[in-house]
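Asks: Any chance you could fold what I've pasted below:
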Amino acid sequence: MNSVLAAIRLFRPVNLLLGALAVAVSAALVDALDQVVLLIKGILVVVSLIAAANAFNDYHDLEADRINQTNRPLPKGDLSPKTALILSILLFLMGAGISFTMNTESFIIAAVVALPLMVVYSLWLKGSVLIGNIIVAAIIGLAFLFVGALFSELNRMITPSLLAFGFTVVREFIKDMADAEGDRAAGLTTFPVKFGLETSARVAIVITTLFMALLAVPYLMNIYSEKYLVAAILGIGIPLAYIISLLVKSPSSNNCHTASQILKLSVFLGLLAIYLG
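Replies: Sure thing, here's the model as predicted:
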């Protein structure tokens, strides 16, 4: 039982829930919630690939997590690295296999583009300056395009995909700031490791402010309604403004960890804003 619970924690259940919700919200946007079988298959693909990527990432991040994430299953010894690797491979195969039963566009997005990006990120790009952040953001954005392709409504998912991309760039950059100590010890060269937290805070403030401004674009272009704008301001804009105030006050490790947790909650609110739009 302990191993099962450790495996569930390895997969990051909150992230899996977010992935499933993203698929459901996307399906609702294109009026496809009644296509139950296709919806379930879409959720299974997204959830299995997210779980696989998380397990694979933890396998390769073990040394850094001994400092940054000491309560994770691998640093604690609740699960062996070999088990994590096997689980990740099986889940990658599961996600790719299910996507193979879908239309060509969905299969290409999931198995030919997203899956290799997940592996390449963990192996070679996680510790890079900014490139890793952009890759993760692209993978998150692809989830919305995947659902759009699944229900033959790809064009309608471009705006949610771009919003998810921008939000994830901000979140991943600040997460790197929070993890700077462990990343430095593991020999990774993320932006905060290379340039320090003070410089990183200035960059984070700029990209966060830019994204806050871009939140209004879908409303100004009549893509989304006033409900979206209100939800985006309350659920994303205000938390981001608070994060900026934290970074202005002090880009300490504690403040960066707090900011990272706030952004995790804002993902749910962001999905709500998109749904209301």
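Asks: Read off the pLDDT value for Thr101.
Replies: On pLDDT, Thr101 comes in at 98.
Asks: same deal with the one 4 residues further on?
Replies: At Glu105, the pLDDT value in this model is 98.
Asks: Could I get the contacting residues of it?
Replies: Contact analysis of Glu105 by C-beta atoms under 8 Å, 6 or more residues apart in numbering lists Ala149, Leu154. Placement of C-beta: from N, CA and C, glycine included.
Asks: can you tell me how far it sits from Leu145?
Replies: 9 Å (C-beta to C-beta, to the nearest Å).
Asks: Per-residue pLDDT of the closest residue to Ala137 other than its chain neighbours, please?
Replies: Distance criterion C-beta to C-beta, 6 or more residues apart in numbering; nearest residue to Ala137, sequence neighbours excluded, is Thr168 at 3.9 Å. Thr168 carries a pLDDT value of 96.
Asks: Any chance you could list residues touching both of Glu105 and Leu145?
Replies: Joint contacts of Glu105 and Leu145 (C-beta under 8 Å, 6+ apart) are Leu154.
Asks: Using CSV, list the CA coordinates for stretch 225-238.
Replies: Extracted as CSV, the C-alpha positions of stretch 225-238 are listed here (Å, rounded to 0.1, in the frame of the first residue of the first chain):
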residue,chain,number,x,y,z
SER,A,225,-16.9,38.0,-22.8
GLU,A,226,-16.9,40.3,-19.8
LYS,A,227,-17.3,37.2,-17.5
TYR,A,228,-13.9,36.1,-18.7
LEU,A,229,-12.4,39.5,-18.0
VAL,A,230,-13.8,39.7,-14.5
ALA,A,231,-12.7,36.1,-13.7
ALA,A,232,-9.2,36.7,-15.2
ILE,A,233,-8.7,39.9,-13.1
LEU,A,234,-9.9,38.3,-9.9
GLY,A,235,-8.4,34.8,-10.3
ILE,A,236,-5.1,35.7,-12.2
GLY,A,237,-4.5,39.4,-12.3
ILE,A,238,-4.8,40.1,-8.6
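Asks: Could you check how far it is from the centre of its chain?
Replies: Averaging C-alpha positions (C-alpha atoms, centre = their mean, to the nearest Å) puts stretch 225-238 20 Å from its chain's average.
Asks: How about stretch 179-199?
Replies: 20 Å.
Asks: cool, and stretch 108-118?
Replies: The answer for stretch 108-118 is 15 Å, by C-alpha atoms, centre = their mean.
Asks: how long is it from one end to the other?
Replies: Criterion C-alpha to C-alpha, to the nearest Å; first-to-last residue distance in stretch 108-118 is 14 Å.
Asks: Give me the buried stretch members for stretch 192-200, please.
Replies: Pro192, Val193, Leu197, Ser200 (16 or more other C-beta atoms under 10 Å).
Asks: Ignoring the adjacent residues along the chain, who's closest to the second one?
Replies: Closest residue in space to Val193, ignoring its immediate chain neighbours: Arg184 at 4.8 Å, by C-beta to C-beta, 6+ apart.
Asks: Give me the buried positions along stretch 177-195.
Replies: Those would be 177-180, 182-184, 186, 188, 190-193, for stretch 177-195 by 16+ other C-beta under 10 Å.
Asks: now what about it, what contacts it?
Replies: By C-beta under 8 Å, 6+ apart, stretch 177-195 touches 61, 63-69, 126-130, 132-133, 173, 176, 197, 200-201, 203-204, 251, 253, 256-257, 259-260.
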